[in-house]
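> after the sequence you'll find the predicted model.
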Amino acid sequence: MKIADLITWFEAWANPAWCESWDNCGWQIEPGVLQEKARVLVCLTPTLAVMEEAIAENANLIFAHHPLIFNPLKSLRTGEAIAQMVRLAFTHNIGIYTAHTNFDQVQDGTADVLAQILELKEVAPIVLTQGGLGYGRVGLLEPFMTLQELLATIQTRLAPPNLIFSPTADLQQTISRVAVLGGSGASYISAVAKTGAQAYLTSDCKFHQFQESRDRNLILIDAGHYATERPACDRLAQKFQSLNLDWVQLSQKDEDFRQFFA
């Protein structure tokens with residue numbers, strides 16, 4: 001399959017036109033690779049380490065969740081990471097394509113994969129966008145779990161380096177309804193509270209957002225940005241593999257930019 005055909009296939013599933021106005025989905029760098037047979041490296045974040053991996057693997061497309069370019073560039077200078085990425089992309093003929101908030105909304109996207117990992121039932125978006133799609137997912141745990149069991153399940157299945165949750169008096173309380181949203185989801189706390197969810201798994205939550213959740217009787221669980229979004233990248237690589245591409249692999253150089261001192 002040519003890169004152009006792969007992108008056409010993907011955009012029929014997760015249209016870049018669905019991305020938010022502040023976002024930057026689609027081509028970040030296209031150095032003239034559209035007619036080449038697709039050799040794809042899938043990653044969460046396009047970094048120099050991922051670019052070096054792509055070069056080593058003779059890939060011609062880095063397919064990322066996070067955009068390389070968020071804001072309009074005013075300059076490209078030697079020593080800057082984005083400038084180096086651009087130089088290497090054109091030197092080695094490697095395209096960089098991003099699927100961000102469009103990928104967040106769809107079936108088998110970032111939130112949907114989290115819901116599947118927790119085996120939620122009767123799943124629906126937290127916030128609807130179009131055609132039954134939307135941001136986040138909320139559903140039922142079957143069988144129900146105690147809060148302690150839910151936290152242990154998240155730790156086992158997502159392996160975050162640090163799992164943070166709201167203050168609670170009873171780890172043995174029964175949890176039946178859970179909401180999930182990969183990446184930075186604290187802005188959806190109010191919407192989640194309206195769904196009847198007892199617990200909300202997301203990331204990048206601030207001190208007072210834990211306070212807000214407690215005041216809304218919602219247990220906020222922060223598993224970190226990387227741990228909540230990387231599984232969807234794995235699923236995307238599996239989907240690409242089913243298309244019989246020339247070569248596809250999930251990046252082994254993707255980075256969690258937060259480290260915790262033991």
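Structure received. Numbering: from 1, shown residues only.
> quick check: longest helix of the protein.
Determined from DSSP state H, the single longest helix within the chain is helix 225-241.
> quick one: mean pLDDT for whatever helix or strand comes next after that helix?
The element immediately downstream of helix 225-241 (helix or strand, assigned by DSSP states H and E) is strand 247-250. Strand 247-250 comes out with an average pLDDT of 98.
> buried residues in strand 247-250?
Buried residues in strand 247-250, defined by neighbour count with 16 or more other C-beta atoms under 10 Å: 248-250. C-beta coordinates here come from the backbone N, C-alpha and C atoms, glycine included.
> need the CA coordinates for it. PDB is fine.
Output in PDB follows, covering the C-alpha atoms of strand 247-250 (Å, rounded to 0.1, in the frame of the first residue of the first chain):
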ATOM      1  CA  TRP A 247       6.500  -2.600   7.100                       C
ATOM      2  CA  VAL A 248       5.000  -1.200  10.300                       C
ATOM      3  CA  GLN A 249       6.200  -1.100  13.900                       C
ATOM      4  CA  LEU A 250       5.300   0.600  17.200                       C
END
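> which other residues reach that strand?
38-43, 57-59, 233-234, 237, 240-241 (C-beta atoms under 8 Å, 6 or more residues apart in numbering).
> OK, contacts around Arg214?
166-167, 220.
> could you say which helix or strand holds it?
helix 207-215.
> from the middle of its chain, how far away would the helix or strand just after that helix be?
Tracing the chain past helix 207-215, the next element assigned as helix or strand by DSSP H and E is strand 219-222. In terms of C-alpha atoms, centre = their mean, to the nearest Å, the centre of strand 219-222 is set 17 Å apart from its chain centre.
> strand 219-222 - what's its average pLDDT?
Strand 219-222 comes out at a mean pLDDT of 98.
> in its sheet, what does it sit against?
Take DSSP bridges as the rule and strand 219-222 pairs in its sheet with strand 164-165 (antiparallel), strand 199-203 (parallel).
> on that earlier part again, for the helix holding Arg214, buried residues please.
Using 16+ other C-beta under 10 Å as the test for burial, helix 207-215 gives 209-210, 212-213.
> and the angle from it to strand 199-203?
170 degrees (axes from the mean of the first three to the mean of the last three C-alpha atoms, to 10 degrees).
> if we can go back for a sec, what about the contacts of strand 247-250, which one has the most neighbours?
Leu41 (30 neighbours; other C-beta atoms under 10 Å).
> beta-bridge partners for it, please?
Ile62, Gln249.
> thinking it is in contact with Asn60, fair?
No - contact criterion C-beta atoms under 8 Å: Leu41 and Asn60 do not qualify, at 9.2 Å.
> make JSON lines out of the contacts of strand 247-250 and add pLDDT and distance to Arg258.
Formatted as JSON lines, those follow (pLDDT from 0 to 100; distance: C-beta to C-beta, whole Å):
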{"residue": "Ala38", "pLDDT": "98", "distance to Arg258": "32"}
{"residue": "Arg39", "pLDDT": "98", "distance to Arg258": "31"}
{"residue": "Val40", "pLDDT": "98", "distance to Arg258": "27"}
{"residue": "Leu41", "pLDDT": "98", "distance to Arg258": "23"}
{"residue": "Val42", "pLDDT": "98", "distance to Arg258": "21"}
{"residue": "Cys43", "pLDDT": "98", "distance to Arg258": "17"}
{"residue": "Glu57", "pLDDT": "98", "distance to Arg258": "26"}
{"residue": "Asn58", "pLDDT": "98", "distance to Arg258": "31"}
{"residue": "Ala59", "pLDDT": "98", "distance to Arg258": "27"}
{"residue": "Cys233", "pLDDT": "98", "distance to Arg258": "17"}
{"residue": "Asp234", "pLDDT": "98", "distance to Arg258": "20"}
{"residue": "Ala237", "pLDDT": "98", "distance to Arg258": "23"}
{"residue": "Phe240", "pLDDT": "98", "distance to Arg258": "28"}
{"residue": "Gln241", "pLDDT": "96", "distance to Arg258": "29"}
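> with distance to Tyr200 added, can I get the residues you listed in TSV?
Output for the contacts of strand 247-250, formatted as TSV (distance: C-beta to C-beta, whole Å):
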residue	distance to Tyr200
Ala38	37
Arg39	39
Val40	33
Leu41	32
Val42	27
Cys43	27
Glu57	38
Asn58	42
Ala59	36
Cys233	22
Asp234	23
Ala237	27
Phe240	30
Gln241	32
